[in-house]
Each structure stands twice: as C-alpha cells, then as structure tokens.
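In: My questions concern the predicted model and sequence given below.
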Amino acid sequence: MYQDYFLDYASYVILERAVPALLDGLKPVQRRLLHSMDDLHDGRYHKVANLIGHTMKFHPHGDASIGDALVQIGQKDLLVDCQGNWGNILTGDSAAAPRYIEARLTPFAREVIYQPKITEWQSSYDGRSKEPVQFPVRFPLLLAQGVEGIAVGLSTRILPHNFNELIDASIAILKGKRFQLSPDFPTGGMADVSQYNDGMKGGKVRVRARIEDAGNRMLRITEIPFSTTTGSLIDSVLKANDKGKIKIKKIEDNTARQVEILIHLPSGVSLDKSIDALYAFTDCEVSISPLACVVHEDTPVFIGVSDLLKQNTEHTLEVLRQELEYNLGELQEQWHFASLERIFIRERIYRDIEECESWEEVIATIRKGLEPFIGDLLREVTDEDIVRLTEIRIKRITKFDSDKAEQHILRLEGDMEEVKNHLAHLVDYAVQWFKALKKKYGSGRERKTELRAFDDIQATRVALANVKLYMNREEGFIGTGMKKDEFLFECSDMDDVVVFRKDGKMLVTKVEQKTFVGKDILHAEVFVKGNDRTVYNMIYWDGGSSRAFIKRFQPGGVTRGREYPVASDHAKSKVLYFTSNPNGEAEVVTIHLRALQKLKKLKYDADFSEIAIKGRSAKGNIVSRYPIKKIELKQEGVSTLGARKIWYDPAVNRLNDEERGAFVGSFKGEDQIVEIAQNGQYRLISFDLSNRLEEGVLLLKKCSEEDVYSLVYLDNKKNRHYLKRFRAEAIKKAEALIPEEAEMQLVAVTNKPVELELVFRKERGKDARPNERILSDDSFISVKGIKAKGKQLSTYPVKEVILHDLVQESAKADEASTVLEGSADPSDEDAQISMEL
C-alpha cells in the first residue's frame, strides 16, 4: 500500500504541482491563475484577493500557494500588470497583503496566450467548470520567465533568458540558422556562461555583482547576482569580515529603485584585492546550477534549452497554423452564407415559399430554388443554412443592395486568399509574427546581464592575514594557538605552510591551532602552489659519503602532510646553511673548515649563482670533502632569474603569466605598466597579477621614459579633433588625458611613430576636400605634459582620423621593393601577383 500510495503522490506532485509543461511553460497553478484572470478580465485592475478566490474554483489547494504564484508571475514583469506594493526582488521584501494590491493581464499576455477557439478544455477538479489543458502559447514563455520547482525525487531549474534574444533565436530556427542561448537575469550583474551546458544537468553559471571604485576608499555595488538579495549579500560581507577574510570599516545599503551598496575600506587595504576577496568569500559571486526538466505527454523530460526552444518554436508554428485554419474556416462560412443570402434575395426565392403550408415544404422549396447555384458554393447546403435564410428579416430584404453584397463577398474572398497565402508560406508568416512581437513589446527589454569570461580567483591569494603563526623549533610544533612560543609571521587561516628541518626533510601542512611537523625546525614560510620564482639555497652534510653538497632547488608539486627529503636520507645528514629567496637571489658565502693537519686552506668562498636551479631531489654539487666548522654570508645575493613575462587577456581583462592573450612585456624589480583606457584615464600600475584593469583598455605598455605617446581625441561639441604628445609620468592616482567633459571622446592612442591621415567631411555646395597627412612629431606639436590640451588638427570638419604606422609601412615598402627587384619580367604572373599584394 505504501509503495502504491507513494508512487501516486510522487506522480501527482511532479505532474500537477512543481514542474511546468513543455509547450505552454506553465505550472498548473499558474495556468489556472491566468485562466481565472482572463475569465474576470474587463480591462480594469482586480484585487488580488478576488483573483485568488476566483482561482480556487479551479485549483484544489489553499489560497497561500495561489497568492505566492501570482506574486512570482507579477515580479517577472511579463504577463501581469501590477499595481501596489508587489515586493522587491532586489531587497527580498515581500508583497503587501492580497487585499491591498491589484493586477490585470498585460496586452502581451492577451496576445500570445489566449485563443479559446483552438484551446483544449477539461473539467475542473469538482466538475463545475472548464479549464484549459494547456494554453496555445505562441512564444517561448518558459525560457523568458525561468522557473524553479522541487518535486518528489526530482527538481527543475530553468534560468530566465532575454526576451529579444529568444525571438531572434526562434527566427533563426525557422530560417534553419544556428543560434546560441545564454541566460539573462532581472538583477543584472555579470555572468560567465562558458559551462552553461545548454541548461542541462552538470552545467553551471557563475554570476558576479557589479563592483566599481566609488573613490574615497569606497566600493560601490550597483548590481547583484541572481538568486541573492541586498540583505543576504550584506550579511555575507559582514560574515567574511568577522572571519577576517576581508577588511571593511562599514557597509551602507542605499538601495531604492536601483541597487547601491557602499563598502568603506580601511586605509592600507588594496582596492583591487578587496574586490577579488569579495568575489572569493562573499555572495558577490555565486554559482547557479541549471537543470531543465519539463512535463511532456504526462512524463517528466530532461531537455536542453536549445531543444526546448526548438520545441516551443515548432509549437508556435503549429498553433499559428491551427489559428489560420480556423480563421479560414470562419471566412469560408461567412462567404458561404453571404453567397446564399445573395442568391436567396436576388433570385427572389423567398417569394416561392408564400404558398407553402408546412415547414417541410418551405425547406424543400428553398432547397429547390438554390439547386441551380450549388455548384458555385464551397460546400453542400444544409438544413441549418436554409433555416438561417428563413430568419432574414423583411427589412433586410427590402433594403438589400446587390453591389454592397458583391463587394462584401469580394472582401471575404480577398481575406481568404490572404489566409491561404499565409498557410502556404507558414514559416514566413511565423517569422513576421515574431518580428511583430519584438517591435511591439521588445522596447525596454534589452539584456541586463553582461556576458564575460571570469578569471579564477585563488582564495589563498586574496585572503587577508587574519591569524598569527607561532613555532617551537626544538619540540617541532607550529600553529596559531602557541602564543607563548616564537612568533613567525601573520598569514591567512586558508594558507599552507612549508617547513624545512635540520635533518633535511621538507613538509607542507595546513595552518591550524597546533601541528607537529618534526623536531629541530630550520625554516617555515607560507607555501604558494605553482610559485616558480622562490628558490631555496642550501649546503648540507651527507652522512653517507661524508661530504658537503651545495644545491639550489624549487619544491615542485607536493602532497600536504607528506615528508620529502631535500638532503641525503642518511641518519647523520644535516643542513649546514639554508636561505629562502623569493626572487631567485643567489648570495656568496664563506665556508670555514675544521682545522686538520693536512689542510692548508681553511676558508674559501662559494657563489650560489654558479649553481644551477634544480628539483628538490637533486643531490647538488660537492662543496667540501672535509668537515665544515661554519658558514658565513659574505655578499647579499641578486636575482638570477630572468625578467617575468606578462600577458594581457582581454577576455577576462586581467594580467597573467600563462601566455594567454597579448604580450605586454618582461618585468622585474620596480618596472611599471602604462595603462590608458577608452574613457581617457591614464595610470601607472605594477605587474602584480592581482591588479584589476580599467574597462575598455586601449593601451598596455611597459613604462619607458623614452617612449612618446600620440593621442587623438574629439570634442563632439565643437566637432574638432586634437592631437597631443606626451611621455609617461610617475603619478600616484589615475589622471585624465582628455578634458573631463561628456562631449570628449578618445579616438586613438599609440606609442609608435605615426602619420595621421585626415578624412574631411564634404560640405554642402562645396567640392570634397582632399585628405591631408600630418606627421606626429615636433614639427607639428612638441612633447608636453599629460595634462596639456593638445593642438587642433584642422579648422575644417574632420570625418575620420586614420593612423599610419610609419615603421610598419616602411617595412612593407622595403619588402615590396625587394620582391619587384627580384622579378625578371614584370609581365610574369608571379610578378603581377606580387605587385598587387
């Protein structure tokens, strides 16, 4: 009994409660609500309490579930026109009580959902009323609204998509073209849909809040991730602050119609790292896992959003066909009766029934009078047709106008031909239907969520140092709770620590309250996975061979908690000298040997820069065959590593050292990067990979005092172009290279020698002015400071400014000259091709 009852219950919840239908995209409660609203529709607003009560005629459940469903539909701003306090999806505020708020159907809903004449109907749960089995929806409603539902044994989560993009994709399906769908959230924000997986199981969408620098050490959040609210996001920020993951002074919520959350940062905290930390430790970034499940033919089906849209588009095509066929049938019926009426009156058949004594005789007489004309009709004449003819009033017969009747029939024939043409070209008709929907309702429904690729933020790199680490060298313990022992450094509770012992063993462990890592600790520091810059210099005594070895190594890949030998495994081996060098420094040391009779030289120098950097298991080079008394530092080391190569990845707008994107340059020490953005902002930044770059970066270049930059900008108010030349200047904050006015627009910027080609606008009544070339050098304008206004390029109105790279054009000219000189005969085919190239 339990098995049968449970299966019945599970099936009922799946089919009748939680999961939407494939074709009309509605759950049963939503369908009944919309049917009830249409039943009551009179163009005016209705109290929601009244709508809920009316819906209970069709929905066999409580009023609370109906009210919640109506509020959810209303907040999606597509089908229901709301009046009153319907809550706020941004703040999570709930709607007012049903007696205080009102609703009615939107024109869009009435146009795309309802068509009673082709709707399949069924009895309601109590048999007193009729309700639709499904609505003949002519739009991908399910993908536009999105849905969530938890049934028994399965769930569904279909993300909302953009109204206009769905229409464009449906048109592409009808035309047999390719398309791509990406979710669009009403809360805006930014989304990485690279792992969307067509909305099916196993996919995920990463959504981020939009965070910007508000100045005065403040960050402003203007858009939040879907599925969060301002309240939940603020709570997550405060929680991360309490745990020491991030540092903030205070947070303010100024959200009204638009989101505005202000985060005040304390002095000394990096804005860029704070933004990364917000994404790493708070709800400023969330991951949403879609799972598209719908009901089709009384069965739950897992389907991708692309296939779902194809099914919806095909359903729309079928509904439009049924609608056209129904309209054609109605037109044919109107034409049929109009033709009968014209024959009945024009041929004066009504006079033949004056002598008839019975109803049957009247019917027979009229049928006999119509027989000569039946061949011109669309179908047979039925008794119902004849009865309708007898019901024509005398007034209509006496005022019958044959010309008007003929025109009416011609109009009906024209309408029928139009409908038949639509049926013959159904796909084209459907395309026009979608285009009309977009034109009529697409305004104001532009995409709100920006699609972009996200960089992976490593939490350990942006986590703040929120704990202090201590060490007991002799006993071999490290941890954050050993406050009476030797203080090492501050770190994050998410960090790993690498420990080196005097016996030549290395160990990586998690930061905890107290951890045993082995006695006689030599050195401990934060372990950064994948760090290829830190090099360890070491001299150790090998107990097996009784010799001292010198080596430089990097730890490589490790498993947390496992010991690795970096010296000999012999029990008498020990480390004599050890240093950690974060940038591959190599020092010079003086080695003092123990006094032995046969030794004449008791000290000498060893230079680590002469030793190659190898893995941790390398044995090293012999540095002494005799016992060493002590080792002293003679000279501080300098880096032996090459400059760090940096690339810029425009997809995520971040720097990297993984060869992704465009190469920026090789950097070391205090080198800086010149950054110029589309908005005209100029700043110098370090090559730290955690730096966040301005949106719309135009130029990223290693800073050099010798480089001269040429910048062209347009004053739209005066329609004048200006050129300025400048060198990079050391500044502490971003500076504007162009006047900070709304009319100013940066056109181009480069650090290469260029020639500007001015293309002029043709003035009315005047001949076109030939293009003019200006060399960007001291002959036109000298090099000035970054705040200089620059020099106007021309007094004539300029249509376009083209930059010609002189170095590149010179190289092309040399190459072309070489090719032509090497050609024996200009008429030769290869020579002609070369000249064309």
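Out: It's in. Numbers count the residues shown, from 1 in each chain.
In: and after the helix ranked longest in the chain, which helix or strand comes next?
Out: In the chain, with assignment by DSSP state H, the single longest helix is helix 305-346. Scanning forward in sequence from helix 305-346, with DSSP states H and E defining helices and strands, the next element found is helix 359-370.
In: Only the buried residues of that next one, if you could.
Out: Residues of helix 359-370 classed as buried under the neighbour-count rule (16 or more other CB atoms under 10 Å) are 362, 363, 365, 366, 367, 369, 370. (Glycine included, C-beta is placed from N, CA and C.)
In: Identify, from the residues you listed, the entry nearest to residue 289.
Out: Proximity of the buried residues of helix 359-370 to residue 289 was ranked by CB to CB; the top entry is residue 370 with 69.1 Å.
In: Just give the closest residue to that closest one, not the sequence neighbours.
Out: By the measure of CB to CB, 6 or more residues apart in numbering, the closest residue to residue 370 outside its immediate chain neighbours is residue 381, 5.6 Å from it.
In: what sits against the one you found?
Out: Contacts here follow CB atoms under 8 Å, 6 or more residues apart in numbering; on that basis residue 381 touches 340, 367, 370, 374.
In: what's the closest of the residues you listed to residue 497?
Out: Comparing those against residue 497 with CB to CB picks out residue 340 as the nearest, at 97.4 Å.
In: Please report how far the closest one lies from residue 360.
Out: Summarising the geometry, the distance separating residue 340 from residue 360, computed by CB to CB, to the nearest Å, is 19 Å.
In: next one: residue 502
Out: When CB to CB is the yardstick, residue 502 and residue 360 sit 123 Å from each other.
In: Could you work out the end-to-end span of stretch 578-590 for me?
Out: Across stretch 578-590, the straight-line distance between its terminal residues is 13 Å, by CA to CA, to the nearest Å.
In: what's it in contact with?
Out: Counting by CB under 8 Å, 6+ apart, the neighbours of stretch 578-590 from elsewhere in the structure are 500, 522-523, 525, 533-539, 552, 577, 603-609, 611, 613, 631-641.
In: Which of those fall within strands?
Out: Within the contacts of stretch 578-590, membership in strands is found for 500, 522-523, 525, 535-539, 552, 577, 603-607, 613, 631-639, as judged by DSSP state E.
In: hmm, which of those residues are the buried ones?
Out: Buried by 16+ other CB under 10 Å: 500, 522-523, 525, 535-539, 552, 577, 606, 613, 631, 637, 639, out of the ones in strands among the contacts of stretch 578-590.
In: and which of the contacts of residue 381 is nearest residue 777?
Out: Sorting the contacts of residue 381 by how near they are to residue 777, with CB to CB, puts residue 340 at the top with 91.6 Å.
In: my guess is the closest one meets residue 389, correct?
Out: Yes. Counting by CB atoms under 8 Å, a contact exists between residue 340 and residue 389, whose distance comes to 6.2 Å.
In: where do the helices sit along the stretch 151-300 of the chain?
Out: Along the stretch 151-300 of the chain, counting by DSSP state H, counting those that start in this stretch, helices occupy 163-174, 230-242, 271-281.
In: The stretch 451-600 of the chain now?
Out: Taking DSSP H, counting those that start in this stretch as the criterion, the stretch 451-600 of the chain contains helices spanning 459-462.
In: give me the low-pLDDT residue ranges for the stretch 701-837 of the chain?
Out: Using pLDDT under 70 as the threshold, the predicted model of the stretch 701-837 of the chain has low-confidence ranges 808-837.
In: Tell me the pLDDT of the residue of the chain positioned farthest from its centre.
Out: The C-alpha centroid of the chain is most remote from residue 355, which lies 82.6 Å away (CA atoms, centre = their mean). Residue 355 is assigned a predicted lDDT (pLDDT) of 77.
In: how far away is it from residue 42?
Out: Distance of residue 355 to residue 42, given as CB to CB: 51 Å.
In: Kindly report the same for residue 525.
Out: Distance of residue 525 to residue 42, computed by CB to CB: 76 Å.
In: any chance you could map the helices in the stretch 701-837 of the chain?
Out: With helices called from DSSP H, counting those that start in this stretch, the stretch 701-837 of the chain shows them at 806-821, 829-836.
In: how about the contacts of residue 381, which pair is most distant?
Out: Between all members of the contacts of residue 381, the longest pairwise span (CB to CB) is found for 340 and 367 and amounts to 11.1 Å.
In: Now do residue 339, the pLDDT please.
Out: Note on residue 339: pLDDT of 86.
In: Next up, the contacts around it.
Out: Under the contact definition (CB under 8 Å, 6+ apart), the residues listed for residue 339 are 376, 377, 409.
In: quick one: which of those residues sit in strands?
Out: Secondary structure from DSSP E places none of the contacts of residue 339 in strands.
In: can those go into a markdown table with extra columns for distance to residue 691, pLDDT and neighbour count?
Out: As requested, the contacts of residue 339 are arranged in a markdown table below (distance: CB to CB, whole Å; pLDDT from 0 to 100; neighbours: other CB atoms under 10 Å):
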| residue | distance to residue 691 | pLDDT | neighbour count |
| --- | --- | --- | --- |
| 376 | 84 | 79 | 8 |
| 377 | 82 | 83 | 15 |
| 409 | 78 | 87 | 16 |
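In: And these, which is closest to residue 159?
Out: Lowest distance from residue 159 to the contacts of residue 339 (CB to CB) belongs to residue 409, with 52.7 Å.
In: Tell me where the stretch 451-600 of the chain is predicted with low confidence.
Out: When the per-residue scores of the stretch 451-600 of the chain are filtered using pLDDT under 70, the ranges that remain are 460.
In: Residue 74 should be in a helix, yeah?
Out: Yes. With the criterion set as DSSP: H, G, I helix; E, B strand; the rest coil, the secondary structure at residue 74 is a helix.
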